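K.L.:
Next input, structure requested:
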Amino acid sequence: MPSRPSKSQSISSFKLPPGRILAGKYEIISPLGRGWEGEVYKLRELETDIERAGKFFFPQRNLNGRTSRIYARKLNKLRHLPILIQYHTSESFIFKGQKVTFLVSELVEGELLSKFLARQPGKRLSVFQGLHLLHALSLGMEGVHNAREYHGDLHMGNVIIRRQGIGFNIKLLDFYDYGTARAHDLHDDVCDLIRIFYDAIGGKQWYSKHPPEVKAICRGLKRSLILRKFRTAGQLRQYLDTMTWS
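P.N.:
Predicted structure coming up:
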């Protein structure tokens with residue numbers, strides 16, 4: 001079996017310049033973001049001139065292509081769900097003597113939730129807007145849970161948001177793989193959804209000022225209390241659809 005790359009071989013950044021051609025098919029346009037697994041760039045598909053997104057995996061985070069393969073298969077399995085980006089293909093190139101895999105997908109309009117919130121008045125959403133956000137997230141994740149899958153790493157840096165009417169259009173990035181889905185994984189997703197809602201409407205600084213309806217959802221962010229009420233994203237979505245206001 002191939003040996004694990006030594007520490008000296010680890011790659012922490014690609015810094016791919018605009019105009020670089022990869023795999024003879026794609027041109028680097030600009031960086032879009034980075035995370036623990038790798039970096040994301042806007043690409044131009046040379047054959048069609050269509051803009052795409054490419055996720056480039058650091059080799060030490062993608063041993064033998066396992067991480068990228070699992071991610072691609074999960075996106076393909078869940079391709080019917082509108083909350084996920086649409087996967088197109090897998091390519092590779094050589095960077096500093098190492099094979100680097102990148103997954104090509106649709107280029108999604110919008111911005112990271114963390115950056116979106118930073119532009120809002122007070123850097124937070126109103127309660128009503130926050131509930132719309134939570135509903136969009138739970139509705140999207142309901143389909144994931146119904147397919148016996150999970151996200152595993154939901155946070156503001158993995159959510160792309162765009163306003164649409166009175167609500168939001170949401171896309172999720174970077175699924176994490178812990179193996180076959182267990183109830184614990186679905187529960188983590190539910191708690192993470194509620195944590196996103198809590199932070200989006202102001203976090204600890206504003207929590208005491210929020211109405212009872214908010215506290216009936218956040219439940220002090222105590223995992224046991226949250227899971228006593230919501231075990232899946234679908235249960236959370238159903239609650240939001242029927243909740244009453246004082």
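K.L.:
got a pLDDT number for Thr244?
P.N.:
At Thr244, the model reports a pLDDT of 86.
K.L.:
Which neighbouring elements make contact with the longest helix seen in the chain?
P.N.:
Across the chain, the helix with the greatest residue count (assigned by DSSP state H) is helix 127-146. In this structure, helix 127-146 packs against strand 167-172, helix 183-200, helix 212-218, helix 233-242, with contacts taken as 3 or more Cβ pairs under 8 Å, 6 or more residues apart in numbering; DSSP states H and E. In short, each C-beta sits where N, CA and C put it, glycine included.
K.L.:
quick one: Gly152 is in a strand?
P.N.:
No - counting by DSSP: H, G, I helix; E, B strand; the rest coil, one finds Gly152 to be coil, located in no strand.
K.L.:
How is the protein divided into domains?
P.N.:
Per the TED database, the domain ranges recorded for the chain read 20-106, 111-241.
K.L.:
hmm, back to that, check which residues of the longest helix of the chain are buried.
P.N.:
Of the residues in helix 127-146, 127, 129-145 count as buried by neighbour count, 16 or more other Cβ atoms under 10 Å.
K.L.:
just stretch 13-28 next, same as before
P.N.:
Phe14, Leu16, Leu22, Lys25, Tyr26, Glu27, Ile28.
K.L.:
check which helix or strand covers the nearest residue to the third one once chain neighbours are set aside.
P.N.:
Of all residues not flanking Leu22 in the chain, Phe93 sits nearest, at 4.9 Å (Cβ to Cβ, 6 or more residues apart in numbering). Here Phe93 is covered by strand 87-95, with elements defined by DSSP states H and E.
K.L.:
Now that strand - C-alpha only, CSV.
P.N.:
Coordinates of each C-alpha in strand 87-95 appear next as CSV, following Å, rounded to 0.1, in the frame of the first residue of the first chain:
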residue,chain,number,x,y,z
TYR,A,87,-21.3,17.0,-9.1
HIS,A,88,-19.9,16.8,-12.6
THR,A,89,-16.5,15.0,-12.7
SER,A,90,-13.2,14.2,-11.0
GLU,A,91,-9.9,15.3,-12.4
SER,A,92,-6.3,15.3,-11.2
PHE,A,93,-3.0,17.1,-11.8
ILE,A,94,0.5,17.0,-10.3
PHE,A,95,1.5,19.6,-7.8
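K.L.:
Tell me how far Met156 lies from Ser138.
P.N.:
Counting by Cβ to Cβ, to the nearest Å, the separation of Met156 from Ser138 is 16 Å.
K.L.:
Many thanks, I have nothing further to ask.
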